[in-house]
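1. Sequence and computational prediction follow.
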Amino acid sequence: MDPRKSENEGNLDPDQSGLIYQMALDIGGSLAKLVYFTYDEDCAIEGKDGMSPEKAVAKSKGSKSCAVLRGKLNFKIFETSKINDCLEFIKSVKLRLGGCQRQENPGSQAIAVKATGGGAYKYTDLFKERLGINLDKEDEMDCLVAGANFLLKAVHQEAYTYMGGQKQFMDVDHNDLYPYLLVSIGSGVSMIKVEGDGKFERVSGTSIGGGTFWGLGKLLTKCKNFDELLELSYQGNNRVIDMLVGDIYGGTDYSKIGLSSTTIASSFGKVISNDKEIEDYKAEDIARSLLRMISNNIGQISYLNALRFGLKRIFFGGFFIRSHPFTMDTISVAVNFWSKGEAKALFLQHEGFLGAMGAFMSSDQHELKKLLENKAVHQQASSIKACAIAGDLHGDESIECCVYSV
Ligand SMILES: Nc1ncnc2c1ncn2[C@@H]1O[C@H](COP(=O)(O)OP(=O)(O)O)[C@@H](O)[C@H]1O
Ligand SMILES: CC(C)(COP(=O)(O)O)[C@@H](O)C(=O)NCCC(=O)O
């Protein structure tokens, strides 16, 4: 490959040759997330006598007739520390925002793109200078909530429970969605009580989140990337590192206070009594203990906040989860254990894209928003992959969808 080209250049999915009608960004502490809608110019509109999408949309305004725009919602991620890859990707695709602007001559015509997350502020000048894009900033919490509400209502089988290796999809009753606790596990963790569309309060947070897992993991195991660390955690045994109740109580349960001998009494606690150096421990075991410690802690704090407000459902999002069985199992067990089965942990297929989806939905100057705001996006269930992100950082996913306008 030509070393002057970015990793993504020349490696585009054929679907991306379609026009990008609308794009939004969520640039977080660790990852930059993109959501964009593409359609095939030749066959995008149905039921409008072969006219162009723009014309059909324009014609449908103010009339009772229905325009249907067929296309795909695409999802893509980049490491924030490699923001240049993200810029190169946007540069390499045909950006046709609002149905009337082409990004062929950056600098000559400013294009506005909705953006959220800290990077929307940090990289404002970079986007403007390199791509001629004005980042139109949206509040991160507003976007997380809007994205979660939209996905839960519009995407079939978006939410699921995970217990004992079993994934069980939950049908969301639109009339019985609120209230719930939304826990976004990104670099740090935000906990938001959601009571309706745009009706929410950030009730808590913790700095011990995904960045902590990846940061400490990198230090302690010398892993070079996040996936490697996750993979290691699969193979490890945390009992070598963690001090269990049984280690303290001579192998027995402490049943009087409901603790079994296998419960972790102290994460990483066994290390203090061993005369070992870090090299004497297996990276797998360290990764496993770390993942359990962080996941357990988030599960417990989430439950406590759910209890504060009498919330029974806790939806977990953010890329820390990565549909990882062990992470989801640990969080579910923690919520179940602490709530004595009263509260439920739920996960989202598009876990890491809540903010980007919310930013996408917040666009107010493009035709697509006008199409989307009143109508649901109906996806074909068969087109969803079981895992939102399947390991590969640059792996992307798309949902076939129809956008209706009446
Ligand atoms: N490929 C990856 N590279 C880095 N971190 C990853 C990756 N995949 C998952 N993660 C985890 O996801 C977290 C970031 O989640 P995300 O929801 O994108 O938050 P943020 O908005 O802070 O970037 C990281 O801190 C890390 O724990
Ligand atoms: C500051 C943040 C909202 C930024 O979001 P992120 O990039 O981590 O997704 C988040 O990291 C956070 O909520 N941190 C926890 C801060 C606290 O409540 O202690």
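-> That came through, no problem. Ligands and ions are numbered 1, 2, ... in the order given.

2. Give me the distance between the closest residue to ligand 1 within the stretch 301-406 of the chain and ligand 2.
-> Going by Cβ to the nearest ligand atom, ligand 1 is nearest to residue 319 of the stretch 301-406 of the chain, at 3.2 Å. Backbone N, C-alpha and C define where each C-beta goes, glycine included. Taking Cβ to the nearest ligand atom, to the nearest Å as the criterion, residue 319 is separated from ligand 2 by 9 Å.

3. for ligand 2, what are the nearby residues on the stretch 51-200 of the chain?
-> Selection of the stretch 51-200 of the chain residues close to ligand 2 by Cβ under 6 Å from any ligand atom yields 117-118, 140, 186-190.

4. Looking at these, which is nearest ligand 1?
-> Using Cβ to the nearest ligand atom, those come closest to ligand 1 at residue 186, 2.4 Å.

5. Hmm, residue 321 and the closest one touching each other?
-> No. Proximity of residue 186 to residue 321 does not meet the contact threshold set by Cβ atoms under 8 Å, at 10.2 Å.

6. what sits in contact with each of those two?
-> With contacts defined as Cβ atoms under 8 Å, 6 or more residues apart in numbering, the residues adjacent to both residue 186 and residue 321 are residue 352.

7. still on that earlier bit, next up, identify which helix or strand the residue of the stretch 301-406 of the chain closest to ligand 1 is on.
-> Secondary structure assigned from DSSP states H and E places residue 319 in neither a helix nor a strand.

8. which residues sit in contact with it?
-> 30-31, 77, 185-186, 210, 351-352, 389.

9. Next one, pLDDT for it please.
-> We note a pLDDT of 97 for residue 319 in this prediction.

10. swap in residue 362?
-> We note a pLDDT of 87 for residue 362 in this prediction.

11. and the residues of the stretch 51-200 of the chain next to ligand 2, which are buried?
-> Listed as buried from those are 117, 140, 186-190; burial here means 16 or more other Cβ atoms under 10 Å.

12. Quickly check those residues for the two that are furthest apart.
-> The most widely separated members of these are 117 and 189, with 14.6 Å between them, by Cβ to Cβ.

13. could you dump stretch 277-294 to CSV, C-alpha only?
-> Coordinates of each C-alpha in stretch 277-294 appear next as CSV, following Å, rounded to 0.1, in the frame of the first residue of the first chain:
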residue,chain,number,x,y,z
GLU,A,277,7.1,-9.0,40.7
ILE,A,278,4.8,-7.9,37.9
GLU,A,279,6.7,-10.2,35.5
ASP,A,280,5.7,-13.2,37.6
TYR,A,281,2.0,-12.7,36.8
LYS,A,282,0.3,-13.7,33.6
ALA,A,283,-0.9,-10.7,31.5
GLU,A,284,-4.2,-12.7,31.0
ASP,A,285,-4.9,-12.9,34.8
ILE,A,286,-4.1,-9.2,35.2
ALA,A,287,-6.4,-8.3,32.3
ARG,A,288,-9.2,-10.4,33.7
SER,A,289,-9.0,-8.9,37.3
LEU,A,290,-8.9,-5.5,35.8
LEU,A,291,-12.0,-6.0,33.7
ARG,A,292,-13.9,-7.5,36.6
MET,A,293,-12.9,-4.7,38.9
ILE,A,294,-14.0,-1.9,36.6
